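A.B. asks: coordinates for the following, if possible.
(2 chains)
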Amino acid sequence: MTRVYVGMSGGVDSSVTAALLVEQGYEVTGVYMKNWTQDLPGMKCPWADDLADAKRVAVQLGIDFKVFDFEKEYKQQVVDYMIDEYKAGRTPNPDVMCNQEVKFKLFLDTALADGADMIATGHYARTENGKLLRAKDENKDQTYFLYRVTEVALQATLFPLGGYLKSEVRELAKERGLYTASKKESMGICFVGKVGIRDFLSQYVETTPGKIIDKQSGETLGYHDGAIFYTIGQRHGLDIGGGLPYYVAGKNMDKNEVYVTTQLNDENLWKQQIELQSLHWINEAPTDGEYHVRIRHRAPLVPAKLEGSILTLTDAQRAIAAGQSVVIYDDTTCLGGGIIT
Amino acid sequence: MVSVNTPQIYLDYAAATPLDSRALEAMTPYLLDTFYNPSSPYSPAVQVRRDYEEAKDAIAQVIGARGNEIIMTAGATESINLAFTAAGDGHVVTSAVEHHAVLAAASQYDVTYVGVSRHGRIDMTQLVDALGPETQLISIALANNEIGTLQPIRDVVEAAKVERIRRQATGETRPLYVHTDASQGLGLIDIHVSRLGVDLMTLNAGKVYGPKQVGLLWAASHVKLQPVVVGGGQERGLRSGTENVAGTIGFMTALVRAEKRRRSEAERLSVIRDEMKATLVDRFPEIAISGNPKFQLPNFLHVSFPGVDAERVLFALESKGVLVATGSACAANKGTRSHVLTAIGLAPEEADGSIRISLGRDSNQEMCQQAAAMIGDVVASEYRRMRGAR
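C.D. replies: Numbers count the residues shown, from 1 in each chain, chains lettered A, B, ... in the order given. Next up is the predicted model:
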């Protein structure tokens, strides 16, 4: 019997994942990855409750349950990376990093060393012969976060939810009476889900107020509490009142200045050509040519031409922030992608 | 969310008791109609003050004390904090198996922890050795809240007496007080202060079918305390804040009713408890039963299934409507193992496989045997699963 270690977060998706694998005849072990346990101002980290919920479901399913403690590695490889990127004025994607470094490397390796033949997660994605394919649920598809995973990892991975809609997964949980069937969704990386990136960063980064400057007039419109909190294209949270909405059109980290504009057609807000760095291809590198790309999670797929590390979008796109990932697709196959410079 | 469909067998009375319906009835008028501040001068408020004082007198009568020796608090933890002020600048002696409230309070003082036997009884030789000229407070719970062992409080009081006589002879003036937290087992064991011989006693309404966040500290009139909560000077200045009249009335009603049936209830529960124990021991001869067979709360059963993960047992039981406590959170998950189970020398695999069953008013033989069978089934299936694993 194939031994599968399922990452169980205490949420409904990973609960159903484990249940489906049990029904499919796998020998299943549930694993809670203990990545983050610290409370943040005004928010108690729910890890202990999540762990208990994951364990409850494991008990319901009659499967083994383990806790893998990755707290140290997660802090180093995901959180510190995220903080460094923000400090450098970029907008990183910690979920991508978490999948690359923790779930599909550390978890995989630890599980295999512990006797697993494969791992499984509750991601909405599909995999076939070491390829990463988009999920049936277009709205939930999580391949954007998975583009830096390796072919070798995918060959040892199951994504049982890839063929289901989210609504169907909820239904499966209810039919099976799973303890987590009506549990609320957690958003993005757990620890910034509820407190917000700003509150999180202010725990780790000393920030000083700086000017918010109108890009056209050069006039100081107000003050912000740290340029790292702002990202290109951002409209809300500027606290400068009146008239037309302002958008962040640029920032200078050295001067700690944020530049804004009311001009939605400002050249900085729109980008057609993107230079990618840290390119990662899941299978062999694709040839130059026409593909579809996604510039953020759940953004529509847009056509683009790939030439080496330069991507030319057919239509210019708004709010393309350095540090974010562009993920490249050939039909339903996720090929990989790179990070916007 | 609490499921309303599964009928529940509640076996965790040591954690919380349901409110006695008579207590609720007695409390209600003080919440809705005569809600007055007992310090107000008009006569309806004066009446409330009288009712409050009478309730305290009635509580005092149950414990063999006077109403003006009782300080009402918001629960046992606060009472314990207040009791520890009696230690002044002195040394404190307590045991290794005390509740966290006592351990945390004690850690603020120069403190000696006395060890316990395999059965959880404090080592009296160690206690006597721990007493020095600077010792001002000894704090030992009347009954342990995890395994239900009763402590030899009268022996502790005797030891204190010997030390006091020694001090008298040498002209030393430092006082020595004995405090006991008698919250656990309230309504099941004797809590008469003169029979116990203690100087201070903590009680908690929430353990005796009274409301939560209501407790008291009884302190003999010779004990000097410092307020923890200061303000308007209520409770002889030792616990300021508008009196919790309804809570006190509820506590009194629940306590008086529990005390009335104390002996018969203790007898009834110990029979049911012993039957449960027999059922489990018959089925799993390898289990460890903790606590002292002779000096034990009548409603407590602490069982350890070696190698089993007690939290899994708890979760499996809760889905069947049976609510128990684990003796210890699995160390692998939370990095904590019960200090009590460690102190009595349980092996880690026993400690992690421990559940605490505590019976109460609504427990009866039928449901407890049913629960014992369900516990047995869950544990058996855990053992099967573990054998199946590599």
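
A.B. asks: helices of the chain, start to end?
C.D. replies: Just going to use chain A. Under the criterion DSSP state H, chain A contains helices at A:12-23, A:47-61, A:71-74, A:80-87, A:94-97, A:108-113, A:143-146, A:151-155, A:166-175, A:190-193, A:197-204.

A.B. asks: switch to chain B, that's the one I care about
C.D. replies: Per DSSP H, chain B carries helices over the ranges B:21-32, B:43-63, B:76-84, B:100-106, B:124-130, B:153-170, B:193-196, B:245-260, B:262-283, B:310-319, B:331-334, B:339-343, B:348-351, B:365-388.

A.B. asks: so which of these is the most surrounded?
C.D. replies: Greatest average neighbour count among the helices of chain B goes to helix B:76-84 (a mean of 26), per mean count of other Cβ atoms under 10 Å in any protein chain shown. Yep, even glycine has a C-beta here, placed from its N, CA and C like the rest.

A.B. asks: picking that back up, let's have the helices of chain B in a markdown table, adding mean pLDDT and distance to residue A:259.
C.D. replies: Shown next, in a markdown table, are the helices of chain B (pLDDT from 0 to 100; distance: least, Cβ to Cβ, whole Å):
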| stretch | mean pLDDT | distance to residue A:259 |
| --- | --- | --- |
| helix B:21-32 | 98 | 60 |
| helix B:43-63 | 98 | 66 |
| helix B:76-84 | 98 | 55 |
| helix B:100-106 | 96 | 53 |
| helix B:124-130 | 98 | 70 |
| helix B:153-170 | 98 | 74 |
| helix B:193-196 | 96 | 75 |
| helix B:245-260 | 98 | 60 |
| helix B:262-283 | 98 | 72 |
| helix B:310-319 | 96 | 54 |
| helix B:331-334 | 50 | 48 |
| helix B:339-343 | 93 | 58 |
| helix B:348-351 | 92 | 60 |
| helix B:365-388 | 95 | 61 |
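
A.B. asks: among those helices, which comes closest to residue B:144?
C.D. replies: Between residue B:144 and the helices of chain B, the shortest separation by Cβ to Cβ is 6.5 Å, and it involves helix B:339-343.

A.B. asks: can you name every helix or strand that that closest one contacts?
C.D. replies: Helices and strands touching helix B:339-343, by 3 or more Cβ pairs under 8 Å, 6 or more residues apart in numbering or on different chains; DSSP states H and E, are helix B:348-351.

A.B. asks: residue of chain B closest to chain A, please.
C.D. replies: As assessed by Cβ to the nearest Cβ, chain A sits closest to residue B:315 within chain B, at 4.3 Å.

A.B. asks: lowest-scoring secondary structure element of chain A by mean pLDDT?
C.D. replies: Between all helices and strands in chain A, the lowest mean by mean pLDDT, DSSP states H and E belongs to helix A:190-193, at a mean of 55.

A.B. asks: what sits against the residue lying closest to residue A:149 once chain neighbours are set aside?
C.D. replies: Using Cβ to Cβ, 6 or more residues apart in numbering or on different chains and skipping the chain neighbours, the partner closest in space to residue A:149 is residue A:104 (4.5 Å). Applying Cβ atoms under 8 Å, 6 or more residues apart in numbering or on different chains to residue A:104 gives the contacts A:119, A:146, A:149, A:150, A:153, A:154, A:157.

A.B. asks: most surrounded residue in those?
C.D. replies: The member of the contacts of residue A:104 surrounded by the most neighbours (other Cβ atoms under 10 Å in any protein chain shown) is residue A:146, with 28 neighbours in all.
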